[in-house]
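> sequence and predicted structure below; questions after.
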Amino acid sequence: MTATPDARPRGTRLPRLARRRQLLGAAQEVFVAQGYHAAAMDEIAERAGVSKPVLYQHFPGKLELYLALLDEHAEALVNTVRDALGSTTDNKLRVQASMQAFYDFVAGEGEAYRLVFESDLRNVAPVRARVERANTQCAEMIAQVIAEDTNAPADEAHLLGMGLVGMAEVSARYWLSQHRAIPKDTAEKIIARLAWRGISGFPRTG
């Protein structure tokens with residue numbers, strides 16, 4: 001096989017966890033560049049600088065490899081939103097931090113957001129379940145804050161949380177698709193202002 005331009009040299013023995021990290025990094029590069037269907041295990045192995053048998057020792061198939069990456073980055077998104085919500089008790093700043101969390105995720109190195117938000121496997125059950133779980137977890141965390149501060153019924157708070165998640169995700173992806181024509185911090189503040197004007201209209205308890 002002809003080596004890809006970014007293929008890593010073979011022959012270096014790595015601890016199992018380090019090797020797994022290397023394989024996931026190579027797989028992410030290929031999946032992001034080509035999508036799931038066009039990506040080949042041969043190319044991922046070549047990119048990582050390992051033989052196919054080594055790749056299959058860690059991941060029994062292409063879908064398992066993809067799901068491992070999706071799990072990692074979906075968890076990273078959820079943790080980023082959790083940290084944003086916990087960073088302050090000021091709700092206006094919470095909204096700003098939550099919007100920033102999505103923009104940070106979309107703007108992150110390696111375009112991992114494509115695996116979560118733009119996967120060409122969204123109709124495959126285990127992929128769809130993981131993406132929906134990540135969105136739901138983010139929405140539920142936001143909904144909990146809304147419910148605690150407004151006494152809104154759980155269903156309404158969850159709808160509001162999902163709406164804010166959708167606003168953050170779609171606007172961040174659009175911002176990136178426009179080649180960052182608006183500075184990132186400005187874009188975050190614009191969307192946070194819109195979100196806050198809506199959510200602050202709900203009466204607070206206490």
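Now that the structure is in, tell me what you want to look at. Numbering: from 1, shown residues only.

> from now on I want contacts and neighbour counts done on CA atoms only, so please keep to that.
Will do.

> isn't Arg82 up against Glu140?
No: using C-alpha atoms under 8 Å, Arg82 makes no contact with Glu140, being 10.4 Å away.

> residues contacting the residue nearest to Val95 when sequence neighbours are not counted?
Leaving aside its chain neighbours, Val95 sits nearest to Ala192 (6.0 Å; criterion: C-alpha to C-alpha, 6 or more residues apart in numbering). Going by C-alpha atoms under 8 Å, 6 or more residues apart in numbering, Ala192 touches Val95, Gln96, Met99.

> ok, and Ala192, which helix or strand is that part of?
helix 184-199 (DSSP states H and E).

> what sits against Val145?
Neighbouring residues of Val145 by C-alpha under 8 Å, 6+ apart: there are none.

> could you say which helix or strand holds it?
Using DSSP H and E, Val145 sits in helix 125-150.

> tell me the angle that helix makes with helix 184-199.
Between helix 125-150 and helix 184-199, the angle comes out at 60 degrees (axes from the mean of the first three to the mean of the last three C-alpha atoms, to 10 degrees).

> go through helix 125-150 and flag the buried ones.
Neighbour counts using 16 or more other C-alpha atoms under 10 Å place 127, 130-131, 134-147, 150 of helix 125-150 among the buried residues.

> buried residues of the very next helix or strand once past that helix, list them for me.
The helix or strand immediately downstream of helix 125-150 is helix 154-177, counting by DSSP H and E. Judged by neighbour count using 16+ other C-alpha under 10 Å, the buried positions of helix 154-177 are 157-158, 160-162, 164-165, 167-169, 171-173, 175.

> distance to Val32 and pLDDT added to the residues you listed, as TSV?
Converted to TSV, the buried residues of helix 154-177 look like this (distance: C-alpha to C-alpha, whole Å; pLDDT from 0 to 100):
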residue	distance to Val32	pLDDT
Ala157	34	95
His158	31	97
Leu160	31	96
Gly161	28	97
Met162	26	98
Leu164	26	97
Val165	23	98
Met167	23	98
Ala168	21	98
Glu169	18	98
Ser171	20	98
Ala172	18	98
Arg173	15	97
Trp175	18	98
